[in-house]
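**Q** Let me see the structure of the following:
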Amino acid sequence: MLGLLSTLIAYLLGSVPFGYLIVRWQKGIDVRTTGSGSIGATNVMRSLGPVGFAATFVLDVGKGLGAMLLATKIARNDPVWIAVAATVAILGHCFPIWLRFRGGKGVATGVGVFVALAPLQLVLVLIVFAVVVAIWRYVSLGSIVATAAFPIFIYFLKQPPPPLPIVVGATVGAAIIIAQHHSNLRRLLKGTENRLGKKKVEDRSQ
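**A** Take a look at the predicted model:
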């Protein structure tokens, strides 16, 4: 019963649509009708600039981390339920019940979840992200590669080795985030994805 409770709380916290609420509060519009149609920080930035990006990113990271901390406490450190909470917190952001299951891509919420699972490995992931973006100038590619790297890092580099459910939870969470970038992947394959610092080809890249 405690595991189910932790799962429900993780999903509901992950579902809080901070980007949507901030843009609605500041401009009175649905952020999903602009840019990429996402409620994430990058799309919020198109409406509110860097301050909107920072506020949304911090809050989305916070809800991912908060969901994990609460789940860990409620489920009494059971690795199975912690892994489930990691997955559903990210799912909550991508498919929030409050917005008829149309949310964001889960990157910032995933960062919060990954902080709780393996903070040192997350630092390596952020380095991978920075290197990929610096070389190829694609933020979406950096997000995809860095997200894919996290379960690999947690499996091979975390000491002591994590329980198998944690590795599985990290893998599933990463897969959800990557799947949410399906439109970016298509544009990357076609060579039409927008590069950082260059004029946009189309306004639906993140």
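**Q** report the longest helix in this structure, please.
**A** helix 41-74 (DSSP state H).
**Q** Pull out the buried positions in that helix.
**A** 41-48, 52-53, 55-57, 59-68, 70-72, 74 (16 or more other CB atoms under 10 Å). For glycine as for every other residue, the C-beta is placed from the backbone atoms N, C-alpha and C.
**Q** same deal with stretch 6-14?
**A** 6-7, 9-14.
**Q** how far off helix 41-74 does the helix or strand harbouring residue 19 point, in degrees?
**A** Element membership of residue 19 [criterion: DSSP states H and E] is helix 18-27. On the basis of axes from the mean of the first three to the mean of the last three CA atoms, to 10 degrees, helix 18-27 is oriented at 130 degrees to helix 41-74.
**Q** Not including adjacent chain positions, what is the nearest residue to the residue most central in space within the chain?
**A** A centroid search over the chain (CA atoms, centre = their mean) returns residue 107, at 2.1 Å, as the residue closest to the centre. Spatially, and ignoring its direct neighbours in sequence, residue 107 is nearest to residue 143 (5.3 Å; CB to CB, 6 or more residues apart in numbering).
**Q** Please list all residues in contact with the one you found.
**A** 105, 107, 129, 177, 181 (CB atoms under 8 Å, 6 or more residues apart in numbering).
**Q** mind checking how far it is from residue 11?
**A** 22 Å (CB to CB, to the nearest Å).
**Q** Also residue 158?
**A** Relative to residue 11, and taking CB to CB, residue 158 is found at 25 Å.
**Q** what about the nearest residue to residue 99 once chain neighbours are set aside, how many neighbours?
**A** Nearest residue to residue 99 in three dimensions, chain neighbours excluded: residue 17, at 5.5 Å (CB to CB, 6+ apart). A count of nearby residues for residue 17, using other CB atoms under 10 Å, gives 26.
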